[in-house]
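>>> mind folding the following:
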Amino acid sequence: MNSITKITSLLVAGLLVVTNSIDAQNTYMTEAGVRVTEDKKACKKPRDGFYDRYLHKEKMPLPYDYIHEKDVFWEKRIWREVDTREKMNHTFVSPHGPLITTLLDAAKEGNITLYSSWDEKFSIALSQDEIQNLMSYADTISIYDPETLRDSIVVVTNEFNWENVQKYRIKEVWYFDEETSTLGVRILGIAPIINRYDDNGEFLNSGPMFWAYYPELRKTFAQTETFNPLNDGARLSWDDLFEARLFSSYIIKENNIHDRRIKDYAKNGTNALLESERIHSEIFNFEHDLWSY
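This next block holds a predicted model:
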């Protein structure tokens, strides 16, 4: 009887060992019909830290207050540019996660929609093929063959270089809410400005790659961390950065009858900067003047 009990115990122990071994392994069949077994523990990626960071992935943006048309006493549309070469804007081009990478990855996964830079009204949505062409494009180059003494045409794929994006254009609306008697701002869209170069590396021009509708971006931005130089344990999100306006920028255009930008009538840099500051002061003085007696 004791021998039967021992045999039973050994069988149960063996089954537990086999079960644990199977749980720790991942078995699958290849296309050639070969059974492959991998150790799950060996495949597990090491954690880069001493605790799991997941709270930012569950974060949701703070919703805007509803504003009725009749409560908008005054509004002005503004276009401004963020130059990532300024010290305050280095977060936009941090190797830890540049903003352009966040936008393209979210678009590739179908989480956001990108719009053509043909206009600034978000009227033409880009397809997945067009988005893919933004990240890489085919080109032809001529290569000399010393054996045949002839030039041959070779097709090469040029990968997108995020370092070519040095500016971002922001379209926003400043308004005065009659219900709360406050001056507010709502960002409408963001467009990365890319520098274009020829085959010799000479600068050609710069222009917007696409437009992204900011209200649609907010969920993705809220769940994407940015670098915080003061505290690695309390990272900001892109939504925090834009809503708190933790960036430096300058105005390039205000809504006008001729649809002109500042550079179209201020012919030098000094006059353009002064005009930008004039528009900026005009916006903030508007609220102050309402309460002046």
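
>>> strands along the protein, start to end?
25-29, 35-39, 72-83, 114-115, 136-145, 150-159, 165-177, 182-197, 203-208, 211-213, 225-226, 236-237, 250-254 (DSSP state E).

>>> just put those strands in JSON lines and tack on distance to Leu104.
Placement of C-beta: from N, CA and C, glycine included. As requested, the strands of the chain are exported to JSON lines (distance: least, Cβ to Cβ, whole Å):
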{"stretch": "strand 25-29", "distance to Leu104": "32"}
{"stretch": "strand 35-39", "distance to Leu104": "32"}
{"stretch": "strand 72-83", "distance to Leu104": "18"}
{"stretch": "strand 114-115", "distance to Leu104": "8"}
{"stretch": "strand 136-145", "distance to Leu104": "11"}
{"stretch": "strand 150-159", "distance to Leu104": "12"}
{"stretch": "strand 165-177", "distance to Leu104": "10"}
{"stretch": "strand 182-197", "distance to Leu104": "9"}
{"stretch": "strand 203-208", "distance to Leu104": "14"}
{"stretch": "strand 211-213", "distance to Leu104": "10"}
{"stretch": "strand 225-226", "distance to Leu104": "16"}
{"stretch": "strand 236-237", "distance to Leu104": "18"}
{"stretch": "strand 250-254", "distance to Leu104": "24"}
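
>>> of these, which is nearest His288?
Of all those, it is strand 182-197 that lies closest to His288, at 9.3 Å by Cβ to Cβ.

>>> low pLDDT regions in the stretch 101-250 of the chain?
136-142, 144, 153-158 (pLDDT under 70).

>>> returning to that earlier point: for the strands of the chain, give me JSON lines that also has distance to Leu290 and mean neighbour count.
Formatted as JSON lines, the strands of the chain follow (distance: least, Cβ to Cβ, whole Å; neighbours: other Cβ atoms under 10 Å):
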{"stretch": "strand 25-29", "distance to Leu290": "67", "mean neighbour count": "11"}
{"stretch": "strand 35-39", "distance to Leu290": "69", "mean neighbour count": "10"}
{"stretch": "strand 72-83", "distance to Leu290": "9", "mean neighbour count": "16"}
{"stretch": "strand 114-115", "distance to Leu290": "35", "mean neighbour count": "22"}
{"stretch": "strand 136-145", "distance to Leu290": "51", "mean neighbour count": "10"}
{"stretch": "strand 150-159", "distance to Leu290": "52", "mean neighbour count": "9"}
{"stretch": "strand 165-177", "distance to Leu290": "7", "mean neighbour count": "19"}
{"stretch": "strand 182-197", "distance to Leu290": "9", "mean neighbour count": "17"}
{"stretch": "strand 203-208", "distance to Leu290": "35", "mean neighbour count": "12"}
{"stretch": "strand 211-213", "distance to Leu290": "31", "mean neighbour count": "21"}
{"stretch": "strand 225-226", "distance to Leu290": "35", "mean neighbour count": "20"}
{"stretch": "strand 236-237", "distance to Leu290": "33", "mean neighbour count": "18"}
{"stretch": "strand 250-254", "distance to Leu290": "19", "mean neighbour count": "20"}
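
>>> looking at those, which is nearest to Thr102?
Across the strands of the chain, closest to Thr102 is strand 225-226 (Cβ to Cβ), at 9.0 Å.

>>> sheet partners, orientation included, of that closest one?
Strand 225-226 has the following sheet partners, assigned by DSSP bridges: strand 236-237 (antiparallel).

>>> check the offset of the strand it pairs with from the chain's centre.
Centroid separation between strand 236-237 and its chain, computed with Cα atoms, centre = their mean, to the nearest Å, is 13 Å.

>>> tell me who's in contact with the closest residue to Leu183 other than its chain neighbours.
In space, not counting the residues next to it along the chain, Leu183 is nearest to Glu287; the distance is 4.2 Å by Cβ to Cβ, 6 or more residues apart in numbering. Shown in contact with Glu287 (Cβ atoms under 8 Å, 6 or more residues apart in numbering): 176, 182-183.
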